[in-house]
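Structure, please.
(2 chains)
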Amino acid sequence: MRYSQMFLPTLKEIPSDAEVISHQLMLRAGMIRKLTSGVYSYLPMGYRVIRKVEQIIREEMNRAGAQEIFMPTVQPAELWKESGRWNFYGKELLRFRDRKDSECCLGPTHEEVVTDIVRNGVKSYRQLPQNLYQIQTKFRDEIRPRFGLMRCREFSMKDAYSFDIDTVNADLSYQKMFAAYNRIFERCGLKFRPVEADTGSIGGSYSHEFLVIADSGEDGMAYCEGCGYAANLEKAEIARPEEQAVDVSSFLTREEIHTPEVRTIEEVCAFLQVRPENVIKTLVFSADGVPVAVLVRGDEEVNEIKVKNYLGCDILEMAMDDMIQAAAGSPRGFVGPIGIKCRTLADYSLMNLTNMVVGANREDYHLKNVNFERDFKVAAFADLRVVRESDPCPRCAGGIHFARGVEVGHVFKLGTKYSKAMKAIYLDKNGKEQYMVMGCYGIGVGRTVAACVEQYHDDNGIIWPLAIAPFQVIITPVNMNDQDLAAAAENLYADLSSQGVEVILDDRDERAGVKFKDADLIGIPLRVTIGPKNLAAGNVEIKNRKSGEINILSVEEVKKFILGAIRQL
RNA sequence: CGGGGCGUAGCGCAGCUUGGUAGCGCGCCUGCUUUGGGAGCAGGAUGUCGCAGGUUCAAAUCCUGCCGCCCCGACCA
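Residues are numbered from 1 along each chain as shown, chains lettered A, B, ... in the order given. Alright, predicted model coming up:
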């Protein structure tokens, strides 16, 4: 493609509403333009990258035995009512009515539709397993879209759905997809890590997220170099500590202390001259409307997802004041475990601790020298807190590290959640009805591209991995008015193009500096610079965008070099 | 939904306090010069000042309502 004819509106200045680097660079490099909040157009340069990622996904999904389909964006409410998600899925589900006043929605995901297709098309165990996927536009009416393509409302997503006869086979399907995902992100040239994750509202029993390592990522992960354990921060487990023999003789006499207006852990510590590690934080939650007290050490944070999963409840939220008052008999800030009228759980961090400070369940009072068993009991000790980087690995007890990442893929074992709700049934060998066991597997295409920019850029712009670069090579004659340079550039351009290389000829009548800046900004991996000095000796210069390495080669050698690099893909 | 900020040329911004009929830089167009890291000079085009009301002789500026966008939080595959 000739640069002079391309629609490639680059920007010198950073658009003021772009916060993260990928958003800024994708706007500046003329890849995307915003239409409205969280909704973007892909311009030629951006769409080429999107299509490359899609193609890699397509090839790997096909290789893994999945079959491509294409499902509708507009979906009828009745299917969603059948699965139970019409009421469950919040405002993220964009609902509307058609001219006949029928309720519809824009698909944020396609479990309902695909399950409907498969239950109608599959009747026998002989027809299983099946794995169907599509690459399609999703719409999720996010509360707060942000960061360009990182969190959009409308976005391209690859979603695959597997159907198996039982959980053993479903596990195999899951593993196949897991392996395919690893290959996909490897081929895209990304540094990423699969991590154990919570299943959230999609449901199911088990899942992994694929996080692309980037400091600007919205997700945190904890991982262990030793054994390979890796989990989303909200999921990362903490091992149960060793229980130590209790030395009852060390228990001090419990005291009630007047602590007026002293509510927070900081205030308690300052007032009583103790450290947060000596205070028990008591939080009251409403679990499906029932109060539950959760105890954690004063310097730790409760992980609500762990609490929710432990309790197995649908809705967990911080209790309102009236519920706290009813359970504890005191207002927020003075709640403690002794005599509280609700189920009480304690985090592992409290094991083996003695002579603690707690709320007295009496306004303006705290208790000192409180001990387990002697003063109160809890229903259970459990892993309920947010992990810290200083915690040991839950598997091998080695050290763990934290990193941030962008969630680009998520694989779930769904079990029979949807097949039961929607009666996706087959007949087994014995002619007996069975529910299909499902899995679902998503990749955010645009987000993968954005994550790639987050990972690969420098002060001058984007640095595309060769595999997903919009073009592989840019030829930059330093002066188009020099007939020799122009001719050499044209020849090389024609030659490489005819051999299938994706190449831009920067035939603009611009100064070399402008061309170099644009080439760097749009991130083309290989740049061939044709200048008078080198050309006089029959040579051109090839520069690697990523390494900055420059080689002066003959025209023939440069062709070989480029074809060699591309063949390695 | 709570808090904060913004809306003036394609992009980045000034002007608003104290009302007088819109400006700067970049980009764009023309010409000349220049030509290996965002050139110089000269000339030029481009605006429903987010929208709608109101006040006023006069509104980008003051008042009211609305819309949109961004950030933080809440929330969320």
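
Going by C-alpha atoms from here, please, whenever you check contacts or count neighbours.
OK.

residue ranges with poor pLDDT in chain A?
A:200-205 (pLDDT under 70).

which helices and strands sit right next to the longest strand anywhere in chain A?
Secondary structure of chain A per DSSP state E: the longest strand is strand A:400-415. When contacts are defined as 3 or more CA pairs under 8 Å, 6 or more residues apart in numbering; DSSP states H and E, strand A:400-415 sits against helix A:167-187, strand A:206-213, strand A:219-224, strand A:437-444, helix A:445-455.

Turn these into TSV, including mean neighbour count.
Formatted as TSV, these follow (neighbours: other CA atoms under 10 Å):
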stretch	mean neighbour count
helix A:167-187	18
strand A:206-213	24
strand A:219-224	22
strand A:437-444	26
helix A:445-455	26
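
In a markdown table: those, plus distance to residue A:120.
Below are the helices and strands packed on strand A:400-415 laid out as a markdown table (distance: least, CA to CA, whole Å):
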| stretch | distance to residue A:120 |
| --- | --- |
| helix A:167-187 | 20 |
| strand A:206-213 | 27 |
| strand A:219-224 | 38 |
| strand A:437-444 | 15 |
| helix A:445-455 | 30 |
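
can you put the ones you listed in a markdown table and add distance to RNA strand B?
Below are the helices and strands packed on strand A:400-415 laid out as a markdown table (distance: least, CA to the nearest atom of the strand, whole Å):
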| stretch | distance to RNA strand B |
| --- | --- |
| helix A:167-187 | 13 |
| strand A:206-213 | 8 |
| strand A:219-224 | 9 |
| strand A:437-444 | 5 |
| helix A:445-455 | 9 |
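
Touching, residue A:525 and residue A:549? I think so.
No: in this structure, residue A:525 is not within contact of residue A:549 by CA atoms under 8 Å, at 11.2 Å.

more neighbours, the two?
Set residue A:525 next to residue A:549 and count neighbours by other CA atoms under 10 Å: residue A:525 wins out with 26 against 9.

and the more buried one, how far is that from residue A:546?
Distance of residue A:525 to residue A:546, given as CA to CA, to the nearest Å: 7 Å.

what's the overlap in contacts for those two?
Residues touching both residue A:525 and residue A:546 by CA atoms under 8 Å, 6 or more residues apart in numbering: residue A:463.

Flag every residue of the stretch 351-500 of chain A that's near RNA strand B.
The interface of the stretch 351-500 of chain A toward RNA strand B, taken as CA under 7 Å from any atom of the strand, is made up of A:408-410, A:442-444, A:460, A:478-479, A:481.

Any idea what the residue nearest to residue A:403 when sequence neighbours are not counted is bridged to?
Excluding its sequence neighbours, the residue lying closest to residue A:403 (CA to CA, 6 or more residues apart in numbering) is residue A:221, at 5.4 Å. Residue A:221 forms beta bridges with residue A:232, residue A:403, as assigned by DSSP bridges.

my read: residue A:221 touches residue A:195, true?
Yes: using CA under 8 Å, residue A:221 and residue A:195 qualify as a contacting pair, with a distance of 7.3 Å.

didn't residue A:454 look like it was pressed against residue A:22?
Yes: Residue A:454 is within contact range of residue A:22, at 5.2 Å (criterion: CA under 8 Å).

what about residue A:514, distance to RNA strand B?
Noted for residue A:514: a distance of 4 Å to RNA strand B, by CA to the nearest atom of the strand, to the nearest Å.

That residue belongs to a helix, doesn't it?
Yes: counting by DSSP: H, G, I helix; E, B strand; the rest coil, residue A:514 falls inside a helix.

Quick check: which of the helices and strands packed on strand A:400-415 is nearest to residue A:288?
Evaluated over the helices and strands packed on strand A:400-415, closeness to residue A:288 peaks at strand A:206-213, with 22.7 Å, by CA to CA.

The closest one pairs with which strands, parallel or anti?
Its sheet considered, strand A:206-213 pairs with strand A:192-196 (antiparallel), strand A:400-415 (antiparallel) by DSSP bridges.

Redo those strands as JSON lines? Include mean neighbour count.
Shown next, in JSON lines, are the strands paired with strand A:206-213 (neighbours: other CA under 10 Å):
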{"stretch": "strand A:192-196", "mean neighbour count": "22"}
{"stretch": "strand A:400-415", "mean neighbour count": "23"}
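
And those strands: which comes nearest residue A:159?
Of the strands paired with strand A:206-213, nearest to residue A:159 by CA to CA is strand A:400-415, at 9.6 Å.

in stretch A:94-102, what counts as buried?
Neighbour-count burial for stretch A:94-102 flags A:94-95 (criterion: 16 or more other CA atoms under 10 Å).

Can you give me the distance of residue A:526 to RNA strand B?
Separation of residue A:526 from RNA strand B (CA to the nearest atom of the strand): 11 Å.

Now do the same contact list for that residue.
A:472-474, A:542-545.

So it versus residue A:484, what's the distance?
Taking CA to CA as the measure, residue A:526 falls 22 Å from residue A:484.

and what of residue A:88?
Separation of residue A:88 from residue A:484 (CA to CA) stands at 68 Å.

Neighbour count: those two, which is higher?
Neighbours per residue, other CA under 10 Å: of residue A:88 and residue A:484, the larger number sits with residue A:484, 17 against 12.
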